[in-house]
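Participant: Got a sequence here, can you model it:
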Amino acid sequence: MPLKAKPVRASRTQIADLMFPADANSRGTVFGGVVLKMVDKAASVCAYRHAGGACVTVAMERIEFRVPIYVGEFVVMESQINFVGSTSMEIGVEVYAENLETGKRRHTNSCFVTMVSVNKAGSPKKVPGLLLETPEEKSRCREALLRRQQRLAR
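Facilitator: So this is what the prediction gives:
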(Lines give C-alpha, C1' and ligand atoms only; values in the text may rest on other atoms or scores of the structure.)
Protein backbone atom coordinates (compact mmCIF):
# COMPACT_ATOMS: atom_id res chain seq x y z
CA MET A 1 0.00 0.00 0.00
CA PRO A 2 1.54 3.36 -1.02
CA LEU A 3 2.23 5.86 1.72
CA LYS A 4 0.40 9.18 1.66
CA ALA A 5 2.53 12.00 0.19
CA LYS A 6 3.61 14.76 2.57
CA PRO A 7 4.22 18.43 1.74
CA VAL A 8 7.72 19.89 1.95
CA ARG A 9 6.56 22.29 4.68
CA ALA A 10 5.71 19.38 7.00
CA SER A 11 9.35 18.47 7.52
CA ARG A 12 11.18 21.81 7.21
CA THR A 13 13.66 22.08 10.04
CA GLN A 14 15.69 24.82 11.62
CA ILE A 15 18.38 24.20 14.22
CA ALA A 16 20.78 26.73 15.68
CA ASP A 17 23.66 27.04 18.11
CA LEU A 18 25.98 29.70 19.43
CA MET A 19 29.64 29.18 18.50
CA PHE A 20 32.16 29.08 21.35
CA PRO A 21 35.99 28.91 21.44
CA ALA A 22 35.87 25.10 21.72
CA ASP A 23 34.17 25.07 18.28
CA ALA A 24 36.98 26.96 16.57
CA ASN A 25 40.62 26.92 15.59
CA SER A 26 43.30 29.27 16.94
CA ARG A 27 42.24 32.00 14.48
CA GLY A 28 38.70 32.05 15.89
CA THR A 29 37.00 30.50 12.88
CA VAL A 30 34.64 27.58 13.41
CA PHE A 31 35.89 24.14 12.39
CA GLY A 32 34.27 22.73 9.26
CA GLY A 33 33.55 19.54 11.18
CA VAL A 34 31.42 21.45 13.69
CA VAL A 35 29.40 22.90 10.82
CA LEU A 36 29.07 19.48 9.14
CA LYS A 37 27.83 17.93 12.39
CA MET A 38 25.11 20.58 12.57
CA VAL A 39 24.27 20.05 8.88
CA ASP A 40 23.90 16.32 9.51
CA LYS A 41 21.61 16.95 12.49
CA ALA A 42 19.40 19.36 10.54
CA ALA A 43 19.15 16.93 7.61
CA SER A 44 18.48 14.00 9.96
CA VAL A 45 15.61 15.72 11.74
CA CYS A 46 14.10 16.82 8.41
CA ALA A 47 14.36 13.28 6.99
CA TYR A 48 13.02 11.70 10.20
CA ARG A 49 10.00 14.01 10.12
CA HIS A 50 9.24 13.08 6.51
CA ALA A 51 9.89 9.34 6.87
CA GLY A 52 8.27 9.04 10.28
CA GLY A 53 11.23 7.05 11.57
CA ALA A 54 14.97 6.63 11.71
CA CYS A 55 17.15 7.64 8.76
CA VAL A 56 20.85 7.32 8.04
CA THR A 57 23.21 9.62 6.14
CA VAL A 58 24.36 8.19 2.83
CA ALA A 59 26.14 11.17 1.27
CA MET A 60 26.90 14.86 1.61
CA GLU A 61 27.41 16.74 -1.62
CA ARG A 62 28.53 20.17 -2.73
CA ILE A 63 29.84 21.27 0.60
CA GLU A 64 31.37 24.65 -0.06
CA PHE A 65 32.54 26.82 2.81
CA ARG A 66 32.20 30.23 1.16
CA VAL A 67 32.94 32.46 4.14
CA PRO A 68 34.20 31.73 7.66
CA ILE A 69 31.99 31.52 10.73
CA TYR A 70 33.44 33.14 13.84
CA VAL A 71 33.31 32.46 17.55
CA GLY A 72 30.37 34.35 19.03
CA GLU A 73 28.16 34.01 15.97
CA PHE A 74 24.80 32.26 16.11
CA VAL A 75 24.73 29.56 13.44
CA VAL A 76 21.37 28.69 11.92
CA MET A 77 20.72 25.64 9.72
CA GLU A 78 17.61 25.54 7.54
CA SER A 79 16.75 22.23 5.90
CA GLN A 80 14.04 20.96 3.59
CA ILE A 81 13.34 17.92 1.46
CA ASN A 82 14.16 18.48 -2.21
CA PHE A 83 13.47 15.02 -3.62
CA VAL A 84 12.11 11.66 -2.49
CA GLY A 85 12.86 8.28 -4.03
CA SER A 86 11.46 5.00 -2.77
CA THR A 87 13.65 4.85 0.37
CA SER A 88 15.96 7.83 -0.03
CA MET A 89 15.58 11.58 0.28
CA GLU A 90 17.71 14.55 -0.74
CA ILE A 91 17.70 17.29 1.86
CA GLY A 92 18.98 20.76 1.08
CA VAL A 93 20.64 22.54 3.99
CA GLU A 94 21.45 26.23 4.04
CA VAL A 95 23.78 27.63 6.70
CA TYR A 96 23.66 31.16 8.07
CA ALA A 97 25.82 32.97 10.61
CA GLU A 98 24.13 35.72 12.61
CA ASN A 99 25.85 38.50 14.51
CA LEU A 100 23.72 38.75 17.64
CA GLU A 101 24.76 42.35 18.33
CA THR A 102 23.80 43.73 14.92
CA GLY A 103 21.23 41.14 13.86
CA LYS A 104 22.99 40.85 10.50
CA ARG A 105 22.74 37.37 9.02
CA ARG A 106 24.94 36.05 6.22
CA HIS A 107 24.74 32.90 4.13
CA THR A 108 27.92 30.91 4.71
CA ASN A 109 27.34 27.68 2.84
CA SER A 110 24.88 25.15 1.49
CA CYS A 111 24.95 21.46 0.80
CA PHE A 112 22.82 18.48 -0.18
CA VAL A 113 22.49 15.47 2.10
CA THR A 114 21.14 12.10 0.97
CA MET A 115 19.37 10.18 3.72
CA VAL A 116 17.84 6.70 3.64
CA SER A 117 14.94 5.64 5.85
CA VAL A 118 15.66 2.42 7.76
CA ASN A 119 13.61 -0.04 9.79
CA LYS A 120 14.63 -1.42 13.20
CA ALA A 121 16.86 -4.02 11.53
CA GLY A 122 18.68 -1.30 9.59
CA SER A 123 17.25 -2.25 6.20
CA PRO A 124 15.94 0.45 3.83
CA LYS A 125 12.28 1.29 4.34
CA LYS A 126 9.82 2.98 1.96
CA VAL A 127 9.13 6.69 2.51
CA PRO A 128 6.07 8.79 1.71
CA GLY A 129 6.00 10.67 -1.57
CA LEU A 130 6.63 14.40 -1.72
CA LEU A 131 3.84 16.89 -2.32
CA LEU A 132 5.30 19.90 -4.18
CA GLU A 133 3.23 23.04 -3.62
CA THR A 134 5.30 25.97 -4.87
CA PRO A 135 7.31 26.76 -8.03
CA GLU A 136 10.48 26.85 -5.88
CA GLU A 137 9.79 23.37 -4.49
CA LYS A 138 9.17 22.05 -8.02
CA SER A 139 12.41 23.61 -9.24
CA ARG A 140 14.39 22.16 -6.32
CA CYS A 141 12.92 18.74 -7.04
CA ARG A 142 13.84 18.89 -10.75
CA GLU A 143 17.42 19.91 -9.87
CA ALA A 144 17.66 17.14 -7.24
CA LEU A 145 16.43 14.57 -9.75
CA LEU A 146 19.20 15.63 -12.16
CA ARG A 147 21.82 15.29 -9.38
CA ARG A 148 20.45 11.84 -8.53
CA GLN A 149 20.65 10.72 -12.18
CA GLN A 150 24.25 11.98 -12.38
CA ARG A 151 25.15 10.13 -9.16
CA LEU A 152 23.61 6.89 -10.41
CA ALA A 153 25.45 7.23 -13.74
CA ARG A 154 28.84 7.42 -11.95
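Participant: Please enumerate the helices of the protein.
Facilitator: In order along the chain, the chain carries the following helices (DSSP state H): 32-51, 135-153.
Participant: winner for burial among the ones you listed?
Facilitator: Among the helices of the chain, helix 32-51 has the highest mean neighbour count (mean count of other CB atoms under 10 Å), at a mean of 20. Where you see a C-beta, it was placed from the backbone N, CA and C, and this is true even at glycine.
Participant: what helices or strands is the strand ranked longest in the chain leaning on?
Facilitator: Within the chain, and with DSSP state E defining each element, the longest strand by residue count is strand 105-117. If contacts are counted by 3 or more CB pairs under 8 Å, 6 or more residues apart in numbering; DSSP states H and E, strand 105-117 sits against helix 32-51, strand 55-61, strand 74-84, strand 88-98.
Participant: can the ones you listed go into JSON lines with extra columns for distance to Arg148 and mean pLDDT?
Facilitator: As requested, the helices and strands packed on strand 105-117 are arranged in JSON lines below (distance: least, CB to CB, whole Å; pLDDT from 0 to 100):
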{"stretch": "helix 32-51", "distance to Arg148": "15", "mean pLDDT": "97"}
{"stretch": "strand 55-61", "distance to Arg148": "10", "mean pLDDT": "94"}
{"stretch": "strand 74-84", "distance to Arg148": "6", "mean pLDDT": "98"}
{"stretch": "strand 88-98", "distance to Arg148": "7", "mean pLDDT": "97"}
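Participant: In JSON lines: those, plus distance to Asp23.
Facilitator: JSON lines is the format used below for those (distance: least, CB to CB, whole Å):
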{"stretch": "helix 32-51", "distance to Asp23": "5"}
{"stretch": "strand 55-61", "distance to Asp23": "19"}
{"stretch": "strand 74-84", "distance to Asp23": "9"}
{"stretch": "strand 88-98", "distance to Asp23": "12"}
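Participant: Quick one: closest of the ones you listed to Arg154.
Facilitator: strand 55-61 (11.4 Å; CB to CB).
Participant: any idea how far the closest one is from the chain center?
Facilitator: On the basis of CA atoms, centre = their mean, to the nearest Å, strand 55-61 sits 9 Å off its chain's mean C-alpha point.
Participant: Tell me which residues are up against it.
Facilitator: By CB atoms under 8 Å, 6 or more residues apart in numbering, the list of residues contacting strand 55-61 from outside reads 36, 39-40, 43-44, 47-48, 88-89, 111-118, 147, 151.
Participant: same check, this time on stretch 63-73
Facilitator: When contacts are taken as CB under 8 Å, 6+ apart, the neighbours of stretch 63-73 outside the stretch itself are 18-21, 23-24, 28-30, 32, 35-36, 39, 75, 95, 97-100, 106-111.
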